[in-house]
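Student: sequence below, structure please.
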Amino acid sequence: MSESNPTPAGPHAPRPKAEPRFPGGPSPDPAGSHHERRIRSFQPRRSRVTTSQADALQRLWPKWGLDIDGQRVLDLGELFGGEMPVVLEIGFGMGEATAQMAADDPDTGILAVDVHTPGQGNLLGLADRNSLSNVRVANGDAVILLREMLPAASLDGLRVYFPDPWPKARHHKRRIIQPEFLDLAAPSLKPGALLHCATDWEPYAEQMLEVLTAHPLFENTRPDGGYAPRPAFRPFTRFEGQGIDKGHVVHDLLFRRVTEDQ
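Tutor: Predicted coordinates:
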């Protein structure tokens, strides 16, 4: 009987499943989310991390990154190194638009959430190169962040730009903008806080408008009850341009958090 092959050693050896790709960086499963039986609105993407992104993750994660572990309530003043209005951005892709908004409004903190490791590294690198001290990158499930880790009335805004449209009818239940999500988000938003969504998938825009209009804690900023022009603070992105080139129409929706007695 032949001997079994030894476990390979060296830099190309496979990592144990629970071991992080970047020690000291984002956890592969910060909240043990595989134990939570819930329909998810996101699909983690595994793609190549460049050398510069890996360097940013290892150098900057301890300073500007946090795992959504559901184990603590965040002090946003402490997180951002001082009191400032904070906007939550859910899903930032590669982070170019987030970095631009942070540069344009340095007195507002942006808590940017995503599960895409290359994008996390890219945004951290952009923040470092452009001296953007008002960006924090959160790794994990935004639902857990809203439900477990944010104090009531702590956010001045919420941005959901170009979320996965889940175009197949059987997947519509995975779309993030649902009544249940708005129920969860509303307590963390200050009265008057702006909820800003954008999508280039017209059927999803129609659903967003219907769901937001029906929710008692949000009101449309448009007097006509429709879509809004792209506000100047949302940068025009490469992704958006690609959609327009394909004939897609981009819709922005701007709703304000209201109090129950309004």
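
Student: tally of neighbours for the closest residue to D67 other than its chain neighbours?
Tutor: Nearest residue to D67 in three dimensions, chain neighbours excluded: P30, at 3.6 Å (CB to CB, 6 or more residues apart in numbering). Quick note: C-beta positions are derived from backbone N, CA and C, even for glycine. Neighbour count for P30, taken as other CB atoms under 10 Å: 20.

Student: contact partners for P30?
Tutor: Shown in contact with P30 (CB atoms under 8 Å, 6 or more residues apart in numbering): 67-69, 139-140.

Student: can I get these in JSON lines with pLDDT?
Tutor: Formatted as JSON lines, those follow (pLDDT from 0 to 100):
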{"residue": "D67", "pLDDT": "97"}
{"residue": "I68", "pLDDT": "96"}
{"residue": "D69", "pLDDT": "94"}
{"residue": "N139", "pLDDT": "96"}
{"residue": "G140", "pLDDT": "94"}
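
Student: and these as TSV, adding neighbour count, secondary structure and distance to D107?
Tutor: Output for those, formatted as TSV (neighbours: other CB atoms under 10 Å; DSSP: H, G, I helix; E, B strand; the rest coil; distance: CB to CB, whole Å):
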residue	neighbour count	secondary structure	distance to D107
D67	18	strand	27
I68	24	coil	25
D69	18	coil	29
N139	24	strand	25
G140	23	coil	27
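
Student: remind me, longest strand of this protein?
Tutor: The strand spanning the most residues in the chain, taking DSSP state E as the definition, is strand 189-199.

Student: for that strand, name the packing helices and strands.
Tutor: Judged by 3 or more CB pairs under 8 Å, 6 or more residues apart in numbering; DSSP states H and E, the packing partners of strand 189-199 are strand 155-161, helix 202-214, strand 251-257.

Student: can you check what angle separates the second one from strand 155-161?
Tutor: Interaxial angle of helix 202-214 relative to strand 155-161 (axes from the mean of the first three to the mean of the last three CA atoms, to 10 degrees): 160 degrees.

Student: mind listing residues that contact the longest strand of the chain?
Tutor: 153-163, 165, 177, 185, 205, 208, 212, 218, 221, 230-231, 234, 250-259.

Student: now list the buried members of the residues you listed.
Tutor: In these, burial by neighbour count holds for 154-163, 165, 177, 185, 205, 208, 212, 218, 234, 250-258, counting by 16 or more other CB atoms under 10 Å.

Student: what residue ranges in the protein are flagged as low confidence?
Tutor: Counting by pLDDT under 70, the chain contains low-confidence residues at 1-21, 33-46, 261-262.

Student: which parts of it are strands?
Tutor: For the chain, strands defined by DSSP E occupy the ranges 65-67, 86-90, 109-114, 135-139, 155-161, 189-199, 218-220, 251-257.

Student: turn the ones you listed into TSV, including distance to N122.
Tutor: Formatted as TSV, the strands of the chain follow (distance: least, CB to CB, whole Å):
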stretch	distance to N122
strand 65-67	13
strand 86-90	14
strand 109-114	10
strand 135-139	10
strand 155-161	16
strand 189-199	20
strand 218-220	32
strand 251-257	24
